[in-house]
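> quick check, what structure comes out for this input:
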Amino acid sequence: MAENSTFSRLVLTTASNPEEAERLGQTLVAEELVACATLIPSVRSIYRWQGAVENAQETLLLLKTGLEQLPALQARLAALHSYETPEFLVLPVVRKSQIFGLAQVESAPVLASAKPSGLFSPIWYPELLQSCSG
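Here you go, the predicted model:
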């Protein structure tokens, strides 16, 4: 994906371990098939596979990409992945902060002027709340 392109789809997939997830994320970002790969380690998946109920600890990947990248992303993920049939769940991004429309999110300023009420408030982006609250 070009550095200034925006993402419009969120793809969820899992990997067997954090190392594989990192390899997948690094490769897909380097090949510009995704703008960003977020890894969430240690998720538990319970699913039916080949007639048996499976229970596996995995790493979840959230892949931010564009609609036009989906076919190439799915093919490349299948080629790189250790799973015979990797998960490829595509969600449309209905609304997002302009900050997160950019591939280089790390250059966005951290704003601390408005703080949420609740348990989590170490870094606060008021635009994101506005974006998510409708």
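
> could you measure from the closest residue to A56 other than its chain neighbours over to V53?
Computed as CB to CB, 6 or more residues apart in numbering, the closest residue to A56 that is not its neighbour in sequence is S45, at 5.2 Å. C-beta: built from backbone N, CA, C; applies to glycine. Separation of S45 from V53 (CB to CB, to the nearest Å): 11 Å.

> have a look at these two and say which one is more surrounded.
S45 (12 against 8; other CB atoms under 10 Å).

> which strand or helix spans the more buried one?
Element membership for S45, per DSSP states H and E: strand 36-49.

> what segments of the chain are strands?
9-15, 36-49, 52-65, 89-92 (DSSP state E).

> and among the ones you listed, the most buried is which?
Most buried of the strands of the chain by mean neighbour count (mean count of other CB atoms under 10 Å) is strand 9-15; its value is a mean of 20.

> which strands and helices lie in contact with that one?
In terms of contacts (3 or more CB pairs under 8 Å, 6 or more residues apart in numbering; DSSP states H and E), strand 9-15 is packed against helix 18-30, strand 52-65, helix 70-80, strand 89-92.

> tell me which of those sits nearest to L39.
Distance to L39, taken as CB to CB, is lowest for helix 18-30 among those, at 4.8 Å.

> angle of the closest one against strand 36-49?
For helix 18-30 against strand 36-49, the angle by axes from the mean of the first three to the mean of the last three CA atoms, to 10 degrees is 130 degrees.

> report all helices and strands that helix 18-30 contacts.
Packed next to helix 18-30, using 3+ CB pairs under 8 Å, 6+ apart, are strand 9-15, strand 36-49, strand 52-65, helix 70-80.

> give the rounded mean pLDDT of the second one.
Okay, so that is strand 36-49. Per-residue pLDDT values over strand 36-49 give a mean of 94.

> rewinding a little: what packs against the strand holding S45?
Against strand 36-49 (3+ CB pairs under 8 Å, 6+ apart) you get helix 18-30, strand 52-65.

> nearest to E84, out of those?
The nearest among these, by CB to CB, is strand 52-65 at 12.6 Å.
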